[in-house]
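Trainee: Got a predicted model here, sequence first, then my questions.
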Amino acid sequence: MVEKTRINILPQAKMLLHAIKNPNSQIGGILLGTEDGVVTDVLPVCHNAPTKPILDWAFRMAEVYGVGSVMGWYTSNERLEDSQPNQASLRIMQSISGRNVDTEPVLVAIDNVKFGKYLVGQEKSSFDVYGKDARKHWLRPLSLELEERDEFASKILDSQVNLYDFEDHLESVGKEQLIEKDWLRNEAVAKFIRA
């Protein structure tokens, strides 16, 4: 049973950039990581309510991508004051739990109010992390450890880095856009983090 989750700097950046890019939309993506609860990467999936075909293809591609095992889902709601994971996210977690019988998946929710305060330096984090509770929902708070960088929030806010999710990738027209909107790697974000 996972009691603590660590989120490395690259997945933090991708989740935050996904939320910044889609401020009035529900977002979601796949957490990749290790069995001991370290989130090493994320795959941004959607900026609309997720549909079964989108999710099925995204999870299939995540399994093939192979940079870590699927360890959960991240989400942010479209309404500012709505910080609880929505029903779609809870159903997705149920599905992930059925796939991963060896480890307990985690759900990361971006709290929009905390996110705004985080970007101006008034909060240490905008993430809430949950594990499975006694009722088999993902609402049991887990402790969180973040890899830290100096002035990370202001650098994210000021960045001009484009992040693409699976829906963006599907909207691509032509080979150049398909390569540019590579949602699996999001190489521009990785370069931003390495700089």
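Mentor: Happy to help now that I have it.
Trainee: Pick out the residue closest to the middle of this protein.
Mentor: Most central in the chain under C-alpha atoms, centre = their mean is residue 74, positioned 3.9 Å from the mean C-alpha point.
Trainee: Okay, and the beta partners of that residue?
Mentor: Residue 74 has the following beta-bridge partners by DSSP bridges: residue 29, residue 108.
Trainee: Confirm for me that it is in contact with residue 26.
Mentor: No. If you go by C-beta atoms under 8 Å, residue 74 and residue 26 don't touch, sitting 11.5 Å apart. Every C-beta, even on glycine, is put in place using the N, C-alpha and C of the backbone.
Trainee: how about the helices of the chain, start to end?
Mentor: Ranges of helices within the chain are 9-21, 52-65, 87-99, 112-119, 152-158, 166-170, 174-180, 187-194, based on DSSP state H.
Trainee: Rebuild these as CSV, extending it with distance to residue 142, mean neighbour count and mean pLDDT.
Mentor: Formatted as CSV, the helices of the chain follow (distance: least, C-beta to C-beta, whole Å; neighbours: other C-beta atoms under 10 Å; pLDDT from 0 to 100):
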stretch, distance to residue 142, mean neighbour count, mean pLDDT
helix 9-21, 15, 22, 96
helix 52-65, 22, 15, 90
helix 87-99, 13, 16, 89
helix 112-119, 16, 18, 90
helix 152-158, 21, 16, 86
helix 166-170, 26, 20, 94
helix 174-180, 36, 11, 88
helix 187-194, 24, 15, 92
